[in-house]
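Participant: Okay, predicted coordinates and the sequence, questions at the end:
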Amino acid sequence: MAASSSKERQRRYRERQKAGRRILRLEINVVEVAAVLERLGFLNPLNADDDEAVRRALDTLIRALPRTRR
């Protein structure tokens, strides 16, 4: 079973690499980030204590950044 999951992780890693994507670990102040995400409309205030909701909102914000105009 471990070999299979190891192969799957390697496959996903290579797919991300080809697509120019990376996984980064960041230490953040979740209260401050959640407040910014709420103000920008990426996070429902009722979900501010939900780490997965904050992660998804931050991911959505980051994906939207290249589409913004200067």
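Facilitator: Thanks, I have it.
Participant: in stretch 34-46, what counts as buried?
Facilitator: The neighbour-count check on stretch 34-46 (16 or more other Cβ atoms under 10 Å) flags 34, 37-38, 42-43 as buried. Quick note: C-beta positions are derived from backbone N, CA and C, even for glycine.
Participant: okay if I get those residues as CSV plus pLDDT?
Facilitator: Below are these laid out as CSV (pLDDT from 0 to 100):
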residue, pLDDT
A34, 97
L37, 98
E38, 98
F42, 97
L43, 98
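Participant: Mind picking the two most distant members of these?
Facilitator: Using Cβ to Cβ, the buried residues of stretch 34-46 span at most 9.7 Å, a distance reached by A34 and F42.
Participant: shared neighbours of those two, which are they?
Facilitator: By the contact definition Cβ atoms under 8 Å, 6 or more residues apart in numbering, A34 and F42 are jointly contacted by A57.
Participant: Show me the residue sitting in the middle of this protein in space.
Facilitator: Of all residues in the chain, the one closest to the mean position by Cα atoms, centre = their mean is D59, 3.2 Å from it.
Participant: can you tell me which helix or strand it belongs to?
Facilitator: helix 51-64 (DSSP states H and E).
Participant: Point out the other elements, helices or strands, that that helix touches.
Facilitator: helix 30-39 (3 or more Cβ pairs under 8 Å, 6 or more residues apart in numbering; DSSP states H and E).
Participant: For this structure, give me the ranges with low pLDDT.
Facilitator: Scanning the chain for pLDDT under 70 picks out 1-3, 68-70.
Participant: can you do 80?
Facilitator: 1-4, 67-70 (pLDDT under 80).
Participant: What separation do you get for the nearest residue to P45 once chain neighbours are set aside and D49?
Facilitator: Leaving aside its chain neighbours, P45 sits nearest to E38 (5.1 Å; criterion: Cβ to Cβ, 6 or more residues apart in numbering). When distance is defined by Cβ to Cβ, to the nearest Å, E38 is 12 Å away from D49.
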